[in-house]
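# the following comprises the amino acid sequence and a computationally predicted model.
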Amino acid sequence: MSKKATIYDIAKELNITAATVSRALNNNPKISEKTRDLVLAAATKLNYKQNRLAVALKSGKSNNVGVVVPFVNKNFFASVIRGIEEELYPKGFHVIISQTYEENDREKKIIQNLINAQVDGILVSTSFTKENKDQLHQVLKKSSPFVFFDRVLHFDDISTVTIDDYQGGFDATEHLINQGCKRIAHFNVDQNIELYNNRFKGYKDALSKHGVAYNSDYVITLKSDMEAGKQAAEKLMKLPLPPDAIFSSTDNGLLGAVKYLQSIAVRIPEDFCVVGFSNEPFTQFLEPSISSVDQSPVEMGKMAAKVFLDQIESNQNVKIHKDVVLPAKLIIRESSIKHK
């Protein structure tokens, strides 16, 4: 294996000092454009690779930002990442993306590794819940700005960016009630995760506002996938008095329910109305098209990035703490409009 080129090799090649080479590589304004071009040409010729970690340690800035999500192959998180990159890339930042697969230990290690790599900040959609948040807090060092988005935990010195999950749940349920639905079921995912709990609260409060009785038999906790939705719908339809609608906290679970209902000849929306949450791309292409609450993921990503930028651009010696709540928007399609 050949020896890596150093700034001293470049200096020897050009018969200048190593300090001049270092300044040129780091765009020091005291170095002329001619000298800088010579240094860059020599660096290319010698296949010089700058030690980014050493530069970060020296300057206190790496121009790298970590983004930690449960899964990168989910449309929602892919869209959030797009928003983050659209906001940060023009500012000279590069995004390092990691996925946790909803494993707490993996998430802690990822965050610690990003801290060790001297990233300028970390944007996290966490797999931790309020039940085990203290475990995560141990690795959230003061040295790096953190921003939680979507799946958040609340700490005094960490900002959050969410949508109004409560209002989204309320609006979806109220819409079903306004369509004449009287027995509205709810698919929940995990009430220990704040966003799902808020959607559930919105569901319950909408029922209460309109005098519709709450029935715990109509509330099913499931995984966010199609097979779980099928099983949940089958369980609901075997009740002595089945529901006439579903508001689901997950579009993926609702998709399974819709497929099951169609398989037993339940007509949507004539006999049964459904509303999901996330506005996944497939919802508009199904037959019938599926009503869903839009989470504005690109906008969420942009806002999370802006909150991070506000933090690092602040001249204060204390962290800026913001809790940004974006509006939720109910997209009404065929699945929840009863034909008159």
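Everything's here; your move.

# and K30, how far from V21?
Distance of K30 to V21, given as C-beta to C-beta, to the nearest Å: 13 Å. Every residue, glycine included, has its C-beta placed from N, CA and C.

# compare these two (neighbour count), which wins?
Using other C-beta atoms under 10 Å, the more surrounded residue of K30 and V21 is V21, with 26 against 8.

# helices and strands around the helix or strand that one falls within, which ones?
Per DSSP states H and E, V21 falls inside helix 18-25. Helices and strands touching helix 18-25, by 3 or more C-beta pairs under 8 Å, 6 or more residues apart in numbering; DSSP states H and E, are helix 7-14, helix 33-45.

# D105: which of those is closest?
Of all those, helix 7-14 sits nearest to D105, with 39.7 Å by C-beta to C-beta.

# who touches the closest one?
Applying C-beta atoms under 8 Å, 6 or more residues apart in numbering, the external contacts of helix 7-14 come out as 17-18, 20-22, 25, 38-39, 42-43, 45-46, 48.

# now, the most widely separated pair of those?
Taking C-beta to C-beta, the two most distant members of the contacts of helix 7-14 are T17 and K45; they sit 18.7 Å apart.

# quick one, helices of this protein?
Using DSSP state H, the helices of the chain run over residues 7-14, 18-25, 33-45, 52-59, 75-88, 104-116, 133-137, 165-178, 194-209, 226-237, 251-263, 297-313.

# including mean pLDDT, could these go into a markdown table?
A markdown table is the format used below for the helices of the chain (pLDDT from 0 to 100):
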| stretch | mean pLDDT |
| --- | --- |
| helix 7-14 | 87 |
| helix 18-25 | 83 |
| helix 33-45 | 86 |
| helix 52-59 | 51 |
| helix 75-88 | 96 |
| helix 104-116 | 91 |
| helix 133-137 | 83 |
| helix 165-178 | 98 |
| helix 194-209 | 97 |
| helix 226-237 | 97 |
| helix 251-263 | 97 |
| helix 297-313 | 94 |
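
# got TSV for these, with distance to I184 too?
Below are the helices of the chain laid out as TSV (distance: least, C-beta to C-beta, whole Å):
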stretch	distance to I184
helix 7-14	68
helix 18-25	63
helix 33-45	65
helix 52-59	53
helix 75-88	24
helix 104-116	33
helix 133-137	32
helix 165-178	5
helix 194-209	7
helix 226-237	11
helix 251-263	13
helix 297-313	26
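
# go through those and name the closest to I97.
Minimum separation from I97 across the helices of the chain (C-beta to C-beta) falls at helix 75-88, 6.2 Å.

# dihedrals phi and psi, V119?
V119 has phi and psi values of phi -70, psi 160 when expressed as degrees, to the nearest 10.

# in this structure it contacts I96, no?
Yes - between V119 and I96 there is a contact under C-beta atoms under 8 Å: 6.6 Å.

# list the residues that contact both of those two?
In contact with both V119 and I96: 64-66, using C-beta under 8 Å, 6+ apart.
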